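Chemist: Provided below for reference: sequence and predicted model.
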Amino acid sequence: MTKKVNISTYPGADAQAVSEAVARKLKYERKKQKITLDELSRRAGVSKGMVVEIEKCTANPSIGILCKIAAALGLSVADVVNVADSPSAHLIDSQDIPTLWTGSLGGSARLLAGTTGPNMIELWRWEMFPGESFASSGHPQGTFELFHVEKGTLQFKVGETELTINAGCSAVARTDLPHAYSNGGKSKLTFTMSVTEIHQSAPEI
């Protein structure tokens, strides 16, 4: 993964428009909640300079940084990239599904759908080519992820635990610890993943 995420959207959409939408949303929510840049930086554990650059739309934050800032504001990533809504049912068109990670060999992570935060659920679809990997420093306490591998083999590590998840298999993991996904095989890896944050009491797995 690159040090800065490529906040690009599914082919046909305007990547710059998504970055601008993220900047507007974060700035709006911060001011609405009367949180200073210094306070948001402290809550999120992200440098003030990075927060300023994101709000000015001069930086492309990683998925991890977006997660931290969103959580600090009581939002989900889906809130920030505008794929969350409050009606009992709503449609997200293909062109509105953002790609929030692009691998060096063409892999991608798409946020298919998500609920509003802070207690939220997100649905992702990942594609990784052989040799690609993604690492996270860990999500807020009470976060867990469910995986199902459609093609290839997912090498997953969380804390000191390592799992090999083959095609057709699923897994569940607490991800409030450092964790990583990688494709160590010889063919393309495709898997779906749900992320759930429970800020009151996390379910047992």
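Modeler: Arrived safely.

Chemist: name the element the nearest residue to Gly131 once chain neighbours are set aside belongs to?
Modeler: Nearest residue to Gly131, sequence neighbours excluded (CB to CB, 6 or more residues apart in numbering): Leu105, at 6.4 Å. Where C-beta positions appear, they are placed from N, C-alpha and C, glycine not excepted. In the assignment (DSSP states H and E), Leu105 maps to no helix and no strand.

Chemist: pretty sure Leu105 contacts Glu132?
Modeler: Yes - counting by CB atoms under 8 Å, Leu105 does reach Glu132; the two are 5.4 Å apart.

Chemist: which residues sit in contact with the residue nearest to Gly131?
Modeler: Leu105 makes contact with Phe129, Pro130, Gly131, Glu132 under the criterion CB atoms under 8 Å, 6 or more residues apart in numbering.

Chemist: domain map for this protein?
Modeler: 8-80, 94-197 (automatic domain parsing).

Chemist: what about the last one, distance to the chain center?
Modeler: Read it as domain 94-197. Between the centre of domain 94-197 and the centre of its chain there are 9 Å (CA atoms, centre = their mean, to the nearest Å).

Chemist: circling back: now for the domains of the chain, which one comes closest to Pro87?
Modeler: domain 94-197 (11.2 Å; CB to CB).

Chemist: Phe134 falls within a strand, correct?
Modeler: Yes - under DSSP: H, G, I helix; E, B strand; the rest coil, Phe134 falls within a strand.

Chemist: quickly find the element holding Ile165.
Modeler: According to DSSP H and E, Ile165 maps onto strand 161-166.

Chemist: helices or strands up against the following helix or strand past that strand?
Modeler: Next helix or strand after strand 161-166 toward the C-terminus (DSSP H and E): strand 170-174. Packing partners of strand 170-174 (3 or more CB pairs under 8 Å, 6 or more residues apart in numbering; DSSP states H and E): strand 143-151, strand 153-158, strand 161-166.

Chemist: no further questions, thank you.
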